[in-house]
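Student: This is the structure alone, sequence omitted:
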């Protein structure tokens with residue numbers, strides 16, 4: 001009994017060994033050869049399909065001119081063109097004011113010229129000569145002297161007189177155009193020589209006119225100030241004066257002598 005079972009088992013194993021290889025070879029023939037990279041072959045036709053079928057967009061209607069103007073960006077304040085400032089060339093100096101337009105130093109008192117005639121009339125000259133002949137301007141003033149040294153003051157503040165203290169100026173008045181062009185603080189000059197004594201007072205010439213110094217010259221001026229110091233003739237409301245810029249505030253009374 002045991003032998004019969006053993007022999008039947010062997011027969012079944014032998015048949016199974018023959019049948020299994022035949023079935024495996026059959027299945028291999030039916031399936032056929034498989035590709036090495038099945039996944040890559042599947043992806044390639046998908047990419048090709050995407051390239052072959054591009055995306056189509058619907059045509060847009062032409063935009064009107066108004067819509068184009070509205071769509072344009074408005075320029076902001078920082079984008080607006082700013083006018084360029086003119087560049088000042090280097091080395092260019094400021095234009096200087098003319099000498100006549102400059103303001104006098106604070107130490108000088110501004111002149112206040114009186115309104116004068118453009119042309120002197122014969123009657124004005126006669127009136128000036130008559131005023132000189134009366135000698136009213138010498139009252140209570142510096143007396144006549146015979147030499148230049150004697151006209152130097154001892155105490156100028158006490159010895160000099162203004163034209164208002166003398167009763168006012170009644171001599172000849174220089175016409176306005178001539179005065180502006182020849183006299184004033186803008187026209188300093190050197191007398192250049194010692195004034196000559198005439199009728200008891202020193203006299204000098206400037207701008208075509210003779211001037212008589214009717215006040216003593218200050219004792220604190222140098223002896224030869226007529227050679228070293230520039231002076232100028234000015235009118236201060238009540239008459240003519242000789243001014244030395246080195247000594248501001250000092251006015252020596254003078255008169256136009258005809």
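Tutor: Okay, I see it. Here the structure is a predicted model, which means the values were calculated and not measured.
Student: where exactly do the helices run in the stretch 101-250 of the chain?
Tutor: According to DSSP state H, counting those that start in this stretch, the stretch 101-250 of the chain carries its helices in the segments 122-134, 156-159, 176-182, 225-228.
Student: wait, which of the ones you listed is closest to residue 195?
Tutor: helix 225-228 (6.6 Å; Cβ to Cβ). (Each C-beta comes from the backbone N, C-alpha and C, glycine too.)
Student: Contacts for the closest one, please.
Tutor: Identification of contacts with helix 225-228 by Cβ atoms under 8 Å, 6 or more residues apart in numbering yields 190-195, 204, 217, 222, 244.
Student: Kindly recompute the last result at 6 Å.
Tutor: With contact meaning Cβ atoms under 6 Å, 6 or more residues apart in numbering, helix 225-228 is reached by 191, 194.
Student: Likewise for stretch 124-143?
Tutor: Outside stretch 124-143, the residues that touch it by Cβ under 6 Å, 6+ apart are 161, 166-167, 170-172, 215-216, 258.
Student: Just the buried subset of those residues, please.
Tutor: The neighbour count (16 or more other Cβ atoms under 10 Å) marks 161, 166, 170-172, 215-216 as buried among the contacts of stretch 124-143.
Student: Identify the farthest-apart pair in these.
Tutor: 172 and 216 (22.7 Å).
Student: hmm, back to that, just send the helices of the stretch 101-250 of the chain back as CSV, with mean neighbour count too.
Tutor: Formatted as CSV, the helices of the stretch 101-250 of the chain follow (neighbours: other Cβ atoms under 10 Å):
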stretch, mean neighbour count
helix 122-134, 13
helix 156-159, 12
helix 176-182, 15
helix 225-228, 15
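Student: could the ones you listed be laid out in CSV, adding mean pLDDT and distance to residue 10?
Tutor: Converted to CSV, those look like this (pLDDT from 0 to 100; distance: least, Cβ to Cβ, whole Å):
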stretch, mean pLDDT, distance to residue 10
helix 122-134, 83, 176
helix 156-159, 93, 168
helix 176-182, 94, 158
helix 225-228, 96, 161
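Student: which regions of this structure sit below the pLDDT cut-off?
Tutor: Residue ranges of the chain with pLDDT under 70: 1-9, 11, 15-121.
Student: the strands in it, which residues?
Tutor: With DSSP state E as the criterion, the chain has strands at 196-198, 201-206, 209-213, 232-235, 240-243, 251-257.
Student: Tell me which of the ones you listed lies nearest to residue 123.
Tutor: Proximity to residue 123 (Cβ to Cβ) singles out strand 251-257 among these, at 16.0 Å.
Student: From the rest of the structure, what touches the closest one?
Tutor: Strand 251-257 is touched from outside by 163, 171-172, 209-215, 240-242, with contacts defined as Cβ under 6 Å, 6+ apart.
Student: Among the residues you listed, name the buried ones.
Tutor: Listed as buried from those are 163, 171-172, 209, 211-215, 240-242; burial here means 16+ other Cβ under 10 Å.
Student: OK, contacts around residue 205?
Tutor: Shown in contact with residue 205 (Cβ under 6 Å, 6+ apart): no residues.
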